[in-house]
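Asker: Here is my input; please provide its structure:
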Amino acid sequence: MPPSNTVEVLYQDHHSWLTAWLRRKLGCPQGAADLAQDTFMRLLTARETPTIAEPRAFLTVVAKRVLFNHYRRQELERAYLQALAELPETLVPSEEDKAIILQTLAELDQLLDGLPSPVKRAFLLAQVDGLSYAEIGAQLGISIATVKRHLNKAALRCYFAL
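Answerer: Take a look at the predicted model:
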């Protein structure tokens, strides 16, 4: 069966169940509906749809990943809003700019996902805070050579993602 038909059958047979499962996890019917849709969109955009022996177990695994990303995005948004709260009012971006920045931060977080924490941190210190290699090294307690290796690793991840 072609992948789109497989996803269509999964959707028809298990969408209601998955939405109810997510509603129990989130406690929010609208959020559950959104994440159920995100789960099926992930399946539709996947390169390959594997042969599925246990559809609900399979959907649970995919939905847990979507749920994890949802929680990470919420955490990122909270941290960003907290940082904004500390800014003087004259420097606070417009609502449109806030939305663009949040989307960019979420994409960057997803792009760097899987890299070791020190690599991510070095990359963000260089790209977001504009620190030099020496300043990054001092802040993270690592050598300049290690900073360079970390930044190269992160740059390669970004390059190959494009």
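Asker: Walk me through the regions of this structure where pLDDT falls short of the threshold, as ranges.
Answerer: Scanning the chain for pLDDT under 70 picks out the ranges 1-5, 162.
Asker: switch the cut-off to 50
Answerer: 1-2 (pLDDT under 50).
Asker: Correct me if wrong: residue 69 contacts residue 107.
Answerer: No - with contact defined as Cβ atoms under 8 Å, residue 69 does not reach residue 107; the gap is 11.5 Å. (Each C-beta comes from the backbone N, C-alpha and C, glycine too.)
Asker: Compare those two and say which one has the larger neighbour count.
Answerer: Neighbour count, other Cβ atoms under 10 Å: between residue 69 and residue 107, residue 69 has more, with 17 against 11.
Asker: mind listing what the more buried one touches?
Answerer: residue 110 (Cβ atoms under 8 Å, 6 or more residues apart in numbering).
Asker: Mind telling me what element it is part of?
Answerer: Assessed by DSSP states H and E, residue 69 sits inside helix 55-85.
Asker: Could you pull out the helices in the chain for me?
Answerer: Along the chain, counting by DSSP state H, helices occupy 3-26, 29-45, 55-85, 95-112, 117-127, 133-140, 144-161.
Asker: Of those helices, flag the one that's most buried.
Answerer: Among these, ranked by average contacts under mean count of other Cβ atoms under 10 Å, first place goes to helix 117-127 (a mean of 18).
Asker: can you give me how far it is from the chain middle?
Answerer: In terms of Cα atoms, centre = their mean, to the nearest Å, the centre of helix 117-127 is found 16 Å from the chain centre.
Asker: Next up, the contacts around the residue most central in space within the chain.
Answerer: Centroid check for the chain by Cα atoms, centre = their mean gives residue 110 as the closest residue, at 3.8 Å. Neighbouring residues of residue 110 by Cβ under 8 Å, 6+ apart: residue 69.
Asker: Make residue 1 into 118 and carry on from there
Answerer: Right, with 118 as the first residue, what we last looked at is residue 227.
Asker: ok, it to residue 189 distance?
Answerer: As judged by Cβ to Cβ, to the nearest Å, residue 227 and residue 189 stand 8 Å apart.
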